[in-house]
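Undergrad: One predicted model, sequence on top.
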Amino acid sequence: MDYSDWVESNGRVWLHDSMTALGQFAYVNPIMRAHHWYNGKKKRCYKNDYEKCFSCEKGVPSQLDYTYGIFTASKDKTIRYLSTNLSTHNTIQRSFAQLFEENVNPCSILYEIHRGKVKTATGREVKGYNITGLIDIEDGVGINARPAFIEEVDRPSPFPEDAKWVVPRMIADGLLDKDGHEFDLISLFLVMKERFPSYADSELKQFCIRLINNGTLDLRRAVENAWEI
Ligand SMILES: [Zn+2]
(Lines give C-alpha, C1' and ligand atoms only; values in the text may rest on other atoms or scores of the structure.)
Protein backbone atom coordinates (compact mmCIF):
# COMPACT_ATOMS: atom_id res chain seq x y z
CA MET A 1 0.00 0.00 0.00
CA ASP A 2 1.19 3.52 -0.81
CA TYR A 3 0.98 6.02 2.01
CA SER A 4 0.56 9.76 1.76
CA ASP A 5 2.80 12.27 3.47
CA TRP A 6 1.26 14.18 6.34
CA VAL A 7 0.20 17.74 5.66
CA GLU A 8 2.19 19.80 8.13
CA SER A 9 2.32 23.33 9.47
CA ASN A 10 3.88 24.68 12.67
CA GLY A 11 4.34 21.27 14.21
CA ARG A 12 0.72 20.28 13.56
CA VAL A 13 -0.19 17.53 11.10
CA TRP A 14 -3.40 16.49 9.43
CA LEU A 15 -4.76 14.58 6.43
CA HIS A 16 -7.24 15.56 3.75
CA ASP A 17 -10.24 13.34 2.97
CA SER A 18 -9.41 9.76 1.91
CA MET A 19 -5.70 10.14 2.62
CA THR A 20 -3.90 7.41 4.57
CA ALA A 21 -0.54 7.96 6.28
CA LEU A 22 1.63 6.11 8.79
CA GLY A 23 2.07 7.30 12.36
CA GLN A 24 3.26 6.12 15.75
CA PHE A 25 1.66 7.52 18.89
CA ALA A 26 4.11 9.11 21.33
CA TYR A 27 1.70 8.88 24.30
CA VAL A 28 -1.56 7.06 24.87
CA ASN A 29 -3.35 10.05 26.34
CA PRO A 30 -4.11 13.16 24.29
CA ILE A 31 -3.80 16.74 25.43
CA MET A 32 -7.34 17.99 25.97
CA ARG A 33 -8.19 21.60 25.25
CA ALA A 34 -11.46 23.44 25.07
CA HIS A 35 -12.29 25.78 22.19
CA HIS A 36 -15.01 28.25 21.41
CA TRP A 37 -16.33 28.90 17.94
CA TYR A 38 -16.74 32.51 16.79
CA ASN A 39 -18.11 33.07 13.30
CA GLY A 40 -16.66 29.76 12.14
CA LYS A 41 -13.26 30.44 13.73
CA LYS A 42 -11.75 28.36 16.50
CA LYS A 43 -10.57 30.25 19.59
CA ARG A 44 -8.78 28.71 22.53
CA CYS A 45 -10.71 28.64 25.82
CA TYR A 46 -8.57 30.01 28.64
CA LYS A 47 -10.61 28.74 31.54
CA ASN A 48 -8.50 26.98 34.18
CA ASP A 49 -8.57 26.33 37.90
CA TYR A 50 -7.82 29.95 38.73
CA GLU A 51 -9.27 32.10 35.98
CA LYS A 52 -12.51 32.23 34.07
CA CYS A 53 -12.58 32.65 30.31
CA PHE A 54 -14.35 35.68 28.86
CA SER A 55 -16.23 33.54 26.32
CA CYS A 56 -17.31 31.03 28.98
CA GLU A 57 -18.64 33.92 31.06
CA LYS A 58 -20.67 35.10 28.09
CA GLY A 59 -22.11 31.61 27.67
CA VAL A 60 -20.50 30.83 24.29
CA PRO A 61 -20.54 27.02 24.06
CA SER A 62 -17.16 25.29 24.12
CA GLN A 63 -15.99 22.08 22.52
CA LEU A 64 -13.15 19.74 23.49
CA ASP A 65 -10.25 19.01 21.21
CA TYR A 66 -8.13 15.87 21.68
CA THR A 67 -4.60 16.41 20.44
CA TYR A 68 -2.36 13.37 20.06
CA GLY A 69 1.43 13.54 19.86
CA ILE A 70 2.67 11.35 17.01
CA PHE A 71 5.87 10.44 15.20
CA THR A 72 5.44 10.69 11.45
CA ALA A 73 8.69 9.42 9.95
CA SER A 74 11.27 6.74 10.67
CA LYS A 75 14.07 7.84 13.05
CA ASP A 76 12.59 11.32 13.36
CA LYS A 77 12.04 11.96 17.07
CA THR A 78 10.12 15.19 16.58
CA ILE A 79 6.62 14.86 17.98
CA ARG A 80 3.95 16.33 15.71
CA TYR A 81 0.44 17.11 16.91
CA LEU A 82 -2.72 15.63 15.43
CA SER A 83 -5.92 17.30 16.55
CA THR A 84 -8.97 15.04 16.74
CA ASN A 85 -12.64 15.21 17.71
CA LEU A 86 -14.41 13.14 20.35
CA SER A 87 -15.43 10.36 17.93
CA THR A 88 -11.89 9.90 16.66
CA HIS A 89 -10.59 10.02 20.23
CA ASN A 90 -13.02 7.23 21.23
CA THR A 91 -12.00 5.17 18.18
CA ILE A 92 -8.32 5.52 19.07
CA GLN A 93 -8.86 4.66 22.73
CA ARG A 94 -10.90 1.55 21.79
CA SER A 95 -8.05 0.35 19.61
CA PHE A 96 -5.54 1.02 22.42
CA ALA A 97 -7.69 -0.91 24.91
CA GLN A 98 -7.68 -3.97 22.61
CA LEU A 99 -3.89 -3.80 22.38
CA PHE A 100 -3.50 -3.52 26.15
CA GLU A 101 -5.58 -6.69 26.43
CA GLU A 102 -3.04 -8.40 24.16
CA ASN A 103 -0.24 -7.00 26.33
CA VAL A 104 0.99 -4.72 23.53
CA ASN A 105 2.00 -1.13 24.31
CA PRO A 106 0.06 0.97 21.77
CA CYS A 107 3.02 3.38 21.56
CA SER A 108 5.33 0.63 20.31
CA ILE A 109 3.70 0.04 16.91
CA LEU A 110 2.88 1.85 13.68
CA TYR A 111 -0.66 2.68 12.60
CA GLU A 112 -2.30 3.33 9.29
CA ILE A 113 -4.22 6.53 9.94
CA HIS A 114 -7.01 7.22 7.47
CA ARG A 115 -9.08 10.38 7.07
CA GLY A 116 -12.68 9.45 6.43
CA LYS A 117 -15.85 8.87 8.37
CA VAL A 118 -16.11 7.70 11.97
CA LYS A 119 -19.20 6.78 13.94
CA THR A 120 -20.30 8.89 16.88
CA ALA A 121 -21.60 7.32 20.12
CA THR A 122 -25.13 7.68 18.73
CA GLY A 123 -24.25 6.03 15.41
CA ARG A 124 -24.10 9.18 13.28
CA GLU A 125 -21.20 9.48 10.84
CA VAL A 126 -18.83 12.44 11.11
CA LYS A 127 -15.47 13.30 9.56
CA GLY A 128 -12.55 11.90 11.50
CA TYR A 129 -9.67 9.46 11.57
CA ASN A 130 -9.72 5.68 11.69
CA ILE A 131 -6.62 3.85 12.80
CA THR A 132 -5.35 0.34 12.10
CA GLY A 133 -2.47 -1.02 14.15
CA LEU A 134 0.17 -2.74 12.01
CA ILE A 135 0.65 -5.72 14.25
CA ASP A 136 -0.08 -9.43 14.04
CA ILE A 137 -0.91 -11.28 17.21
CA GLU A 138 0.23 -14.91 16.99
CA ASP A 139 -0.11 -17.27 19.93
CA GLY A 140 -0.47 -14.32 22.26
CA VAL A 141 2.68 -12.60 21.01
CA GLY A 142 2.55 -9.34 19.08
CA ILE A 143 4.73 -9.15 15.97
CA ASN A 144 5.12 -5.73 14.37
CA ALA A 145 4.08 -5.92 10.73
CA ARG A 146 6.46 -2.99 10.03
CA PRO A 147 9.24 -1.69 12.26
CA ALA A 148 8.17 1.20 14.50
CA PHE A 149 9.49 4.67 13.65
CA ILE A 150 11.01 5.17 17.10
CA GLU A 151 12.15 2.34 19.38
CA GLU A 152 11.22 2.46 23.03
CA VAL A 153 14.71 3.42 24.23
CA ASP A 154 14.81 6.36 21.80
CA ARG A 155 11.52 7.89 22.79
CA PRO A 156 11.95 11.36 24.25
CA SER A 157 11.22 12.17 27.87
CA PRO A 158 7.63 13.33 28.27
CA PHE A 159 8.64 15.94 30.84
CA PRO A 160 9.13 19.61 29.96
CA GLU A 161 12.53 21.04 30.90
CA ASP A 162 11.19 23.65 33.32
CA ALA A 163 8.63 21.33 34.91
CA LYS A 164 7.21 22.04 38.34
CA TRP A 165 6.99 18.62 39.94
CA VAL A 166 3.87 17.55 41.78
CA VAL A 167 5.18 13.99 42.11
CA PRO A 168 8.94 13.65 42.76
CA ARG A 169 10.94 13.37 39.56
CA MET A 170 12.68 10.22 40.77
CA ILE A 171 9.32 8.48 40.97
CA ALA A 172 8.25 9.69 37.53
CA ASP A 173 11.56 8.61 35.97
CA GLY A 174 11.35 5.31 37.81
CA LEU A 175 7.96 4.55 36.26
CA LEU A 176 8.75 5.51 32.65
CA ASP A 177 8.64 1.90 31.49
CA LYS A 178 5.05 1.67 32.77
CA ASP A 179 3.83 4.96 31.28
CA GLY A 180 0.60 4.48 29.38
CA HIS A 181 -0.06 1.02 30.81
CA GLU A 182 -3.40 0.16 32.37
CA PHE A 183 -3.51 0.39 36.15
CA ASP A 184 -5.98 0.61 38.97
CA LEU A 185 -4.97 2.33 42.20
CA ILE A 186 -4.06 -0.85 44.03
CA SER A 187 -1.89 -2.38 41.31
CA LEU A 188 -0.01 0.90 40.77
CA PHE A 189 0.44 1.29 44.51
CA LEU A 190 2.00 -2.20 44.72
CA VAL A 191 4.47 -1.40 41.92
CA MET A 192 5.41 1.88 43.59
CA LYS A 193 5.78 0.32 47.03
CA GLU A 194 8.25 -2.18 45.63
CA ARG A 195 10.26 0.41 43.69
CA PHE A 196 10.20 3.28 46.18
CA PRO A 197 10.17 1.71 49.64
CA SER A 198 11.51 4.86 51.28
CA TYR A 199 8.20 6.70 50.83
CA ALA A 200 5.32 6.39 53.28
CA ASP A 201 2.27 4.44 52.10
CA SER A 202 0.10 7.52 52.50
CA GLU A 203 2.38 9.54 50.18
CA LEU A 204 2.50 6.80 47.57
CA LYS A 205 -1.29 6.62 47.59
CA GLN A 206 -1.49 10.35 46.88
CA PHE A 207 0.93 9.94 43.96
CA CYS A 208 -1.16 7.05 42.58
CA ILE A 209 -4.33 9.15 42.65
CA ARG A 210 -2.51 11.96 40.86
CA LEU A 211 -0.93 9.77 38.18
CA ILE A 212 -3.84 7.60 37.10
CA ASN A 213 -5.84 9.08 34.26
CA ASN A 214 -8.83 7.10 32.94
CA GLY A 215 -7.39 3.80 34.13
CA THR A 216 -3.90 4.31 32.74
CA LEU A 217 -0.66 5.60 34.23
CA ASP A 218 -0.14 9.09 32.81
CA LEU A 219 3.26 10.40 33.86
CA ARG A 220 2.62 13.82 32.37
CA ARG A 221 0.50 14.37 35.45
CA ALA A 222 3.68 14.25 37.56
CA VAL A 223 4.21 17.90 36.63
CA GLU A 224 1.98 20.84 37.31
CA ASN A 225 -0.90 21.58 34.98
CA ALA A 226 1.08 21.96 31.73
CA TRP A 227 -0.93 19.26 29.96
CA GLU A 228 -4.39 20.01 31.23
CA ILE A 229 -7.01 22.49 30.19
ZN1 LIG B 1 -13.90 29.52 27.69
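TA: Right, received. Where do you want to start?
Undergrad: helix, strand or coil for the residue nearest to the spatial centre of the chain?
TA: Nearest to the mean C-alpha position of the chain, by CA atoms, centre = their mean, lies Asn29 at 2.4 Å. Of the three states, Asn29 takes coil according to DSSP: H, G, I helix; E, B strand; the rest coil.
Undergrad: Can you give me the neighbour number for the nearest residue to it once chain neighbours are set aside?
TA: Nearest non-adjacent residue to Asn29, counting by CB to CB, 6 or more residues apart in numbering: Asp218, 5.0 Å away. Where you see a C-beta, it was placed from the backbone N, CA and C, and this is true even at glycine. Look at Asp218: counted by other CB atoms under 10 Å, it has 20 neighbours.
Undergrad: now Gly116
TA: 14.
Undergrad: Buried residues of the strand or helix carrying it, list them for me.
TA: Counting by DSSP states H and E, the element that carries Gly116 is strand 111-119. Buried residues in strand 111-119, counted by 16 or more other CB atoms under 10 Å: Tyr111, Glu112, Ile113, His114, Arg115, Val118.
Undergrad: Closest one of these to the ion?
TA: Distance to the ion across those (CB to the ion) is lowest for Val118, with 25.9 Å.
Undergrad: That closest one bridge partners, please.
TA: Val118 has the following beta-bridge partners by DSSP bridges: Val126.
Undergrad: Please give me every residue in contact with it.
TA: Ser87, Thr88, Thr91, Glu125, Val126, Lys127, Gly128, Tyr129, Asn130 (CB atoms under 8 Å, 6 or more residues apart in numbering).
Undergrad: Same question for Ala73.
TA: Per CB under 8 Å, 6+ apart, neighbours of Ala73: Phe149.
Undergrad: Contact distance from the ion - what residues of the protein qualify?
TA: When proximity is defined as CB under 5 Å from the ion, the chain approaches the ion at Cys45, Lys47, Cys53, Ser55, Cys56.
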